[in-house]
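*Asks:* structure here, sequence nowhere to be found:
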């Protein structure tokens with residue numbers, strides 16, 4: 001079936017190399033707004049979406065994530081914008097809600113010509129004392145838990161070709 005939304009889903013890829021040029025405010029707003037339209041448990045909209053373009057804050061995020069990953073590299077692949085998705089620890093289904101938000105934003109990014117990559121380890125980052133301090137520095141409650149993040153920017157590499165779908169991925173029971 002041909003459909004522009006389905007085509008966007010089929011052609012989106014994770015990108016791990018970014019140009020240094022910052023995304024436009026208009027593009028960023030479109031991506032972030034798409035996140036706000038993701039379904040959330042009981043429609044509570046419990047998660048927080050935080051776009052970070054400040055170089056000092058980004059450096060702290062990179063350092064924390066790299067430490068947990070056990071590397072000296074940049075786990076956000078040098079993306080000019082890092083988008084965090086956080087949630088209150090007592091939210092009903094924070095991981096489910098945050099995952100929907102991240103997916104909406106990745107699809108929106110692709111639709112407006114931006115590249116993205118879902119980044120992990122935010123849960124562990126914001127459990128650390130340094131992570132809690134960073135939340136406070138960003139004027140956020142230090143009780144939030146990390147769900148995930150997006151590296152966001154303009155691609156500086158071609159996406160990898162799609163992987164074949166496994167043959168038993170789908171089962172239909174009638």
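*Replies:* Cool, got the structure. Predicted model only: the values in this text are computed from it and were never measured. Residues are numbered from 1 along each chain as shown.

*Asks:* quick one: the helices in the protein, in order.
*Replies:* 4-11, 25-36, 55-69, 94-111, 122-125, 129-137 (DSSP state H).

*Asks:* run me through the strand neighbours of the longest strand anywhere in the chain, direction for each.
*Replies:* The single longest strand within the chain, with elements called by DSSP state E, is strand 144-153. Paired neighbours of strand 144-153 in the sheet (DSSP bridges): strand 81-88 (antiparallel), strand 115-119 (antiparallel).

*Asks:* out of the ones you listed, flag the one nearest residue 173.
*Replies:* strand 115-119 (30.2 Å; CB to CB). C-beta coordinates here come from the backbone N, C-alpha and C atoms, glycine included.

*Asks:* and that closest one, average pLDDT?
*Replies:* Strand 115-119 comes out with an average pLDDT of 98.

*Asks:* and the angle from it to helix 94-111?
*Replies:* 160 degrees (axes from the mean of the first three to the mean of the last three CA atoms, to 10 degrees).

*Asks:* and for strand 115-119, what are the contacting residues?
*Replies:* 14-16, 18, 65, 75-77, 79, 82, 102, 105-106, 109-110, 148-155, 159 (CB atoms under 8 Å, 6 or more residues apart in numbering).

*Asks:* likewise stretch 72-79?
*Replies:* By CB under 8 Å, 6+ apart, the residues outside stretch 72-79 that reach it are 15-18, 20, 58, 61-62, 65-66, 69, 82, 117, 119, 121, 149-153.

*Asks:* next, the buried residues of that stretch.
*Replies:* Neighbour-count burial for stretch 72-79 flags 74, 75, 76, 77, 78, 79 (criterion: 16 or more other CB atoms under 10 Å).

*Asks:* next, name the residue at the spatial heart of the protein.
*Replies:* Nearest residue to the geometric centre of the chain (CA atoms, centre = their mean): residue 150, 2.6 Å.

*Asks:* surely that one and residue 104 touch.
*Replies:* No. The pair residue 150 / residue 104 is not scored as a contact, 10.7 Å apart, by CB atoms under 8 Å.

*Asks:* what's the neighbour count on residue 80?
*Replies:* Around residue 80 there are 18 other residues, counting by other CB atoms under 10 Å.

*Asks:* with residue 44 instead?
*Replies:* Other residues close to residue 44 by other CB under 10 Å number 12.

*Asks:* which residues touch it?
*Replies:* 91, 92.

*Asks:* perfect, I'm done here.
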